[in-house]
Structure formats: C-alpha cells, structure tokens
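Peer 1: Okay, sequence plus prediction incoming.
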Amino acid sequence: MRKQFIFLFFLLFLTTTAQAQYLQLVENKGEFGVFAGQASYNGDLAPNIQFLSLNFGGFYKRQLNDYVGLRLNYEIVPLGAYDSLTPNTVNSYVSERSLFFQTTYQDISLMTEIYFLKFINGNKKYRFSPYLGFGVGYLSPLKDTSNYKNLAGVYTQAPNIITMPLNIGFKYNVVGSFNVFGEFTYRFTRSDQLDHFGDQDIHPNGGINYQASTSGKDQFFSAKLGLSYNFLRIYGPDPKPKAKRENLFSKTSKSSNKGSNKSLFGFLKRK
C-alpha cells in the first residue's frame with residue numbers, strides 16, 4: 001500500500017510539472033482591442049430620462065502577470081440631455097426649465113485590470129474570465145453645444161474633467177490570439193459642470209430662476225462590446241529541419257552510377 005501511494009504521488013507530481021511547463025510555453029506580451037457601444041449621462045438635466053449615444057474607442061494593455069494588467073484607453077463619448085423632452089406629468093419644473101447640452105468628449109484613462117480566473121489564449125481550459133478595472137481618466141471636450149448662460153449672460157464652455165472609471169467585464173478567447181469581450185464602465189467625475197449647469201447655478205427663463213437638482217457631481221456610464229488581439233510569444237523546441245528531397249532522376253542517376261562502377265570494376269577484375 002505504501003509503495004502504491006508513493007507511485008501515485010510521483011505520477012501526480014510529474015503530471016503537474018508537465019502541465020506547468022506547458023502553460024509556461026505561452027507568454028502574453030500585450031493586447032490591443034477596439035470596441036463600440038452606448039453611453040449615457042447622469043446629472044442635473046432631464047434626470048428622469050436616459051439619453052443614449054454611440055461611443056467607440058480602443059485600448060492597449062500590458063500584461064504584468066497571469067492576473068494583472070495595465071491598460072491605456074482612448075474613447076470618444078458623445079453625451080447630451082434635453083429638459084424639454086421630459087413630460088410635464090413627470091417633472092414639470094424640469095420641462096419648463098428647457099436647458100440642454102450636447103457635447104462630444106474624448107476620454108483618456110489608465111486603468112489596472114484584474115482577471116478573476118487564469119486566462120490563456122489557445123487553451124480551452126483557460127479561455128474565459130471576468131475582470132475588474134479601475135484607475136484615473138481625463139475628459140476633454142471636442143464639440144460643445146449648450147443653451148445655458150451664466151448671470152453675466154455668457155454661454156459657458158464644457159470644462160476639462162478628471163474622472164475615476166470603474167470597469168467590469170468578461171473576456172472569451174474565440175480562436176488563437178483573438179478574443180471577444182463585453183464591459184460596463186461607470187465614471188465618477190470631479191466636476192458638476194459636465195452638463196454646463198452646476199448645483200449653484202441659476203437659469204432665468206420666463207421670469208423664473210431655475211436651479212439644478214443639487215445631486216452632487218455629474219457621472220456617466222457606457223456599455224460596449226469589442227474584439228481584441230493578444231501579442232503572444234511562444235516558447236518550445238526548435239522545429240526539426242526538413243530532409244532534403246531528391247527527385248527521381250537523381251536517384252536513378254546515382255543507382256545507375258553505382259551499377260556502372262560495379263560493372264567496370266568487375267570487368268577489370270575479370271581481366
């Protein structure tokens with residue numbers, strides 16, 4: 001019984017070692033991905049309605065180990081809201097305020113991404129993993145439209161904003177180095193001016209001074225699907241050199257030469 005136990009332990013050790021060596025043959029050097037989806041804003045304007053817009057972008061990720069990576073994102077995010085589209089029966093105060101904004105932002109962020117499971121391209125056992133990401137971002141307006149004026153009667157401009165993105169997603173290896181993924185990103189901001197209208201601002205309209213909802217800092221989220229490609233480095237034994245092919249004529253010529261040599265020497269010996 002003791003010998004059988006030692007044998008099983010030795011066999012298990014060899015199997016685990018071989019599997020570990022196999023897993024180490026593939027090294028993830030980086031990942032590039034593109035994505036598209038829908039984005040929406042949460043703030044002071046039209047708080048009872050969600051306005052969705054198409055967003056898109058890409059990223060590059062450097063994998064630090066089997067579970068942790070550092071990811072650089074670039075995303076185009078159009079955001080907007082219209083008070084006038086709120087039904088009077090839902091919120092007459094917001095509907096009569098009639099503020100709106102439509103701004104296209106570019107978002108640059110650096111995030112740490114953590115896999116919950118081991119993920120290895122080309123390995124059916126480790127081809128899926130959910131992941132979590134968090135970091136810091138910078139939001140800058142590209143196109144900006146709004147009807148809000150400050151007390152001096154001047155139209156305000158959308159500011160540059162620091163964001164704190166929180167990213168939740170999943171990834172599935174389809175074939176080789178190609179993956180599909182889906183993710184949901186919620187961005188907390190350090191500004192209440194994402195929609196041009198802060199909690200302390202006043203908007204006069206029809207003899208009434210309208211104010212914001214005092215809801216705090218503005219936020220927005222996006223949900224998207226994408227495709228990514230892993231840059232892999234594969235370690236393993238060098239391929240065996242291919243044997244040189246010889247055509248039919250070379251073989252026949254060699255065989256004929258050998259035959260002729262033998263016949264010549266045989267003739268000389270007989271002489």
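Peer 2: Cool, got the structure.
Peer 1: And the helices in this protein?
Peer 2: Ranges of helices in the chain, per DSSP state H, are 2-23, 88-97, 248-270.
Peer 1: and these, which one is worst for confidence?
Peer 2: Ranked by mean pLDDT, those end with helix 2-23 at the bottom, a mean of 42.
Peer 1: Could I get the phi/psi values of residue 45?
Peer 2: Backbone torsions of residue 45, given as degrees, to the nearest 10, read phi -90, psi 130.
Peer 1: Now do it: how many residues are near it, please.
Peer 2: 26 (other C-beta atoms under 10 Å). Any C-beta I mention is one placed from the backbone N, CA and C, and that applies to glycine too.
Peer 1: cool, and residue 41?
Peer 2: Neighbourhood size, residue 41 [other C-beta under 10 Å]: 26.
Peer 1: quick one: it from residue 178, how far?
Peer 2: 33 Å (C-beta to C-beta, to the nearest Å).
Peer 1: cool, and residue 48?
Peer 2: Residue 48 sits 42 Å away from residue 178, going by C-beta to C-beta.
Peer 1: how many other residues sit next to the nearest residue to residue 233 once chain neighbours are set aside?
Peer 2: In space, and not counting its chain neighbours, residue 233 is closest to residue 27: 4.4 Å by C-beta to C-beta, 6 or more residues apart in numbering. When neighbours are counted by other C-beta under 10 Å, residue 27 registers 11.
Peer 1: Quick check: mean pLDDT of stretch 36-47?
Peer 2: 92.
Peer 1: Start and end of it, how far apart?
Peer 2: 25 Å (C-alpha to C-alpha, to the nearest Å).
Peer 1: ok, and what's touching it?
Peer 2: Stretch 36-47 has contacts (C-beta atoms under 8 Å, 6 or more residues apart in numbering) with 50-57, 77-83, 85-86, 91, 94, 99-101, 192, 194-195, 197-199, 212-213, 215, 218-226.
Peer 1: Would you list the strands that the longest strand anywhere in the chain pairs with, along with their directions?
Peer 2: Under DSSP state E, the strand in the chain containing the largest number of residues is strand 128-146. In the sheet, strand 128-146 lines up against strand 100-115 (antiparallel), strand 161-175 (antiparallel) (DSSP bridges).
Peer 1: wait, which of those is closest to residue 69?
Peer 2: Among the strands paired with strand 128-146, the nearest to residue 69 by C-beta to C-beta is strand 100-115 (4.6 Å).
Peer 1: Tell me who's in contact with residue 187.
Peer 2: Shown in contact with residue 187 (C-beta under 8 Å, 6+ apart): 107, 137, 139, 163-166, 219-222.
Peer 1: The same query, at a cut-off of 6 Å, please.
Peer 2: 163, 165, 220 (C-beta atoms under 6 Å, 6 or more residues apart in numbering).
Peer 1: Return the member of these nearest to residue 114.
Peer 2: Distance ranking of the contacts of residue 187 against residue 114, using C-beta to C-beta, places residue 165 first at 13.9 Å.
Peer 1: Quick check: that closest one vs residue 85, distance?
Peer 2: Using C-beta to C-beta, one gets 28 Å for the distance from residue 165 to residue 85.
Peer 1: Among those two, which residue is more densely surrounded?
Peer 2: residue 165 (22 against 14).
Peer 1: how close does the residue lying closest to residue 80 once chain neighbours are set aside get to residue 162?
Peer 2: In this structure, residue 80 finds its nearest non-sequential neighbour in residue 102, 3.9 Å apart by C-beta to C-beta, 6+ apart. Computed as C-beta to C-beta, the residue 102 to residue 162 distance reads 22 Å.
Peer 1: ok, these two, which is more surrounded?
Peer 2: Ranked by neighbour count (other C-beta under 10 Å), residue 102 and residue 162 place residue 102 first, with 16 against 12.
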